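Undergrad: Kindly return the folded structure for what I paste below:
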Amino acid sequence: MQGRLRQQGGAIILTVPNSIALQMGWQAGNVLNIETKNETVVLSSAKRQPKGRKNLAQLLEGIDSQEIAALNADVAEVMESPAQGKEVW
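TA: Okay, here's the model as predicted:
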């Protein structure tokens with residue numbers, strides 16, 4: 001199967017046949033990674049996640065257990081002290 005290159009403004013546009021786009025799950029507006037390997041161009045889905053959107057597993061990956069232990073040690077005195085007003089622990 002072949003695609004076609006065309007000029008649009010200052011860019012060269014690659015036309016991807018609809019059957020390939022459907023097979024790859026691509027739609028207009030998708031972001032693709034473009035790499036070159038020797039005489040070959042490789043296109044792949046970027047699968048970029050919008051900023052601020054992380055799933056639970058990604059959030060948990062960012063937890064440093066040593067940092068949590070240090071934080072718990074730092075606030076232990078405050079957490080064990082009696083309430084001075086209407087605080088609820």
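Undergrad: show me where this protein has strands.
TA: Ranges of strands within the chain are 4-8, 11-15, 32-37, 40-45, based on DSSP state E.
Undergrad: Adding mean neighbour count and mean pLDDT, write the ones you listed out as CSV.
TA: Placement of C-beta: from N, CA and C, glycine included. Below are the strands of the chain laid out as CSV (neighbours: other Cβ atoms under 10 Å; pLDDT from 0 to 100):
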stretch, mean neighbour count, mean pLDDT
strand 4-8, 8, 92
strand 11-15, 10, 92
strand 32-37, 10, 92
strand 40-45, 10, 91
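Undergrad: Make a markdown table out of those strands and add distance to S65.
TA: Shown next, in a markdown table, are these (distance: least, Cβ to Cβ, whole Å):
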| stretch | distance to S65 |
| --- | --- |
| strand 4-8 | 51 |
| strand 11-15 | 47 |
| strand 32-37 | 33 |
| strand 40-45 | 33 |
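Undergrad: mind checking which of those strands is nearest E67?
TA: Checking those against E67 by Cβ to Cβ gives strand 32-37 as the closest, at 32.8 Å.
Undergrad: Residues touching that closest one, excluding its own?
TA: 26, 41-46 (Cβ atoms under 8 Å, 6 or more residues apart in numbering).
Undergrad: And those residues, which is closest to R53?
TA: A46 (14.4 Å).
Undergrad: ok, W26 to A46 distance?
TA: 11 Å (Cβ to Cβ, to the nearest Å).
Undergrad: if you count what's nearby, which of these two comes out ahead?
TA: Using other Cβ atoms under 10 Å as the criterion, W26 and A46 rank with W26 on top: 16 against 10.
Undergrad: In contact with that one: list those residues for me.
TA: 16, 20, 32, 45.
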